[in-house]
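Undergrad: got a sequence here, can you build the structure:
(chains A and B)
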Amino acid sequence: MKKLILLEMRNLFLSGLILVSLLTSCTSKKPAVEPKAVIKVENIAEEAPSFVDQLVRVDGMVDHVCRESGKRIFLGEQRFKLLASNSVAKFDVALEGSDIEATGYVREDRIDENYLDEWEKELKGSATIQLKEEVHTGEAEARGEDESAVETQLRQIRDYREQIAAGGKGYISFYSLEVTKLKEVK
Amino acid sequence: MKLRKLNNVLHRDLGYFFFGMSVIYAISGIALNHIRDFNPNYVIKSYTVTLTEPVTRNQIDKAWIVSFLEDLDLKKEYKKHYFPSDEVLKVFMYHGNVEVNLATGEGTLETIKKRPVLNQVNFLHYNPGNLWKWFSDIFCVAWIIIAISGLFVIRSGKNSITGWRGITYTVIGIVIPLILFLLYI
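TA: This next block holds a predicted model:
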């Protein structure tokens, strides 16, 4: 009986050892890549277009963390959008009011008339519909409006049409940061 | 070792080993299914607040806000503040925030507390890092093995996979998600 228990324990130990080695070999560290620039959130609107798809660090104060999913942060008074990624899966609401250094890849979403037409079509026949990530700017939420409400989104579409017409490029761009590393400074 | 014995040992031991993971994924699964019905991560409460006396932006500093929060029974909660516009004050607390319109004196207090258990299991479900990713992948593979081996635990008779009970329950369990899938597409 004692021998059997010892045998079982040895098997358990060996299985544990195999599991640990599997996990550690799968997660071996890759060499760190340094960000191309460190940008204060106050300057992000001007700087972001030059760093699309590049690794940068953005510093600023967390103004808002998405309550439901925790997958979105709005940084600074500029409400620059940070998105969770495979490396940083979720943001804690306790970060609100904290200064952070967020490292990640700048992403650009271009919104043109075709996009707006498709969006408008999707809204037909619904009262509420989840807001698409590309146009989830947090502006409506900051005004205390329901951003899932079709009426709010239709107003957003009208605003974007005006901005596209005024801009002359045929589209407007929204920039965000796909966060791979986040450090709370204070 | 006979094939059936190996099957049963695998079913039993993987079941024991991944009991904790099964519970974590089951609880967080229910929570995430109902993410539109309630916030599974935080208990959020909103209150209306009113300033007792009019105040201007220039009169507001950290000491004023600390005293304001103490009046709301929120001692040691001050974290930071800023003015999103000339008329609006936003205060960050350790467990929530307050936004006050200085022109009207009206504002909203939001208190936020982590929901015990659900917050933690959801945190894990959202894949907090590489170690978790690989461990939960192993768990998922193990669950496939547990599911398949479960079909063959009973050798024969009405309760086995070749008996009426085994076949009926297995088929119903496959057909229900299929019907739901067809309903939704």
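Undergrad: now the residue of chain A found nearest chain B. Nearest residue, chain neighbours left out?
TA: Nearest to chain B, among the residues of chain A, is residue A:97, at 2.5 Å (Cβ to the nearest Cβ). Just so you know, the C-beta spots here come from the backbone N, C-alpha and C atoms, and that holds for glycine as well. For residue A:97, ignoring the flanking residues on the chain, the nearest one in space by Cβ to Cβ, 6 or more residues apart in numbering or on different chains is residue B:92 at 2.5 Å.
Undergrad: helices of chain A, start to end?
TA: For chain A, helices defined by DSSP state H occupy the ranges A:2-26, A:44-47, A:113-123, A:139-142, A:150-167.
Undergrad: weakest of these by average pLDDT?
TA: For these, mean pLDDT drops lowest on helix A:2-26, to a mean of 57.
Undergrad: list the contacts for the residue sitting nearest the centre point of chain A?
TA: By Cα atoms, centre = their mean, chain A has its centre lying nearest to residue A:83, at 0.6 Å. Residue A:83 makes contact with A:71-72, A:107, A:133, A:176-179, according to Cβ atoms under 8 Å, 6 or more residues apart in numbering or on different chains.
Undergrad: try it again with 6 Å
TA: A:176, A:178 (Cβ atoms under 6 Å, 6 or more residues apart in numbering or on different chains).
Undergrad: give me the beta-bridge partners of it?
TA: residue A:72, residue A:178 (DSSP bridges).
Undergrad: report how many residues lie close to the residue in chain B that chain A sits nearest to.
TA: In chain B, the residue that lies nearest chain A is residue B:92 (2.5 Å; Cβ to the nearest Cβ). Residue B:92: 20 surrounding residues under other Cβ atoms under 10 Å in any protein chain shown.
Undergrad: and it, that's in a helix?
TA: No: using DSSP: H, G, I helix; E, B strand; the rest coil, the assignment for residue B:92 is strand, not a helix.
Undergrad: my read: it touches residue A:96, true?
TA: Yes: at 5.4 Å, residue B:92 counts as touching residue A:96 under the criterion of Cβ atoms under 6 Å.
Undergrad: which parts of chain B sit against chain A?
TA: Listed as neighbours of chain A in chain B under the rule Cβ under 6 Å from any Cβ of the partner chain: B:35, B:39, B:79-80, B:92, B:112, B:126-128, B:130-131, B:134.
Undergrad: pull the residues that contact stretch B:13-23.
TA: By Cβ under 6 Å, 6+ apart, the list of residues contacting stretch B:13-23 from outside reads B:139, B:142, B:145-146.
Undergrad: output these as JSON lines; include the columns pLDDT.
TA: Below are the contacts of stretch B:13-23 laid out as JSON lines (pLDDT from 0 to 100):
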{"residue": "B:139", "pLDDT": "96"}
{"residue": "B:142", "pLDDT": "97"}
{"residue": "B:145", "pLDDT": "97"}
{"residue": "B:146", "pLDDT": "97"}
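Undergrad: check contacts around the residue nearest to residue A:97.
TA: So residue B:92 contacts A:96-97, B:79-80 (Cβ under 6 Å, 6+ apart).
Undergrad: hmm, 10 Å instead?
TA: Neighbour list for residue B:92: A:61-63, A:95-98, B:77-82, B:98 [criterion: Cβ atoms under 10 Å, 6 or more residues apart in numbering or on different chains].
Undergrad: got it, and residue A:40?
TA: So residue A:40 contacts A:47, A:58-60, A:76, A:78 (Cβ under 10 Å, 6+ apart).
Undergrad: pLDDT score assigned to it?
TA: Model confidence at residue A:40 (pLDDT) stands at 96.
Undergrad: next: residue A:125.
TA: pLDDT at residue A:125 comes out at 75.
Undergrad: my guess is residue A:163 contacts residue A:111. True?
TA: Yes: using Cβ atoms under 10 Å, residue A:163 is in contact with residue A:111, at 8.8 Å.
Undergrad: what residues are shared contacts of these two?
TA: A:171-172.
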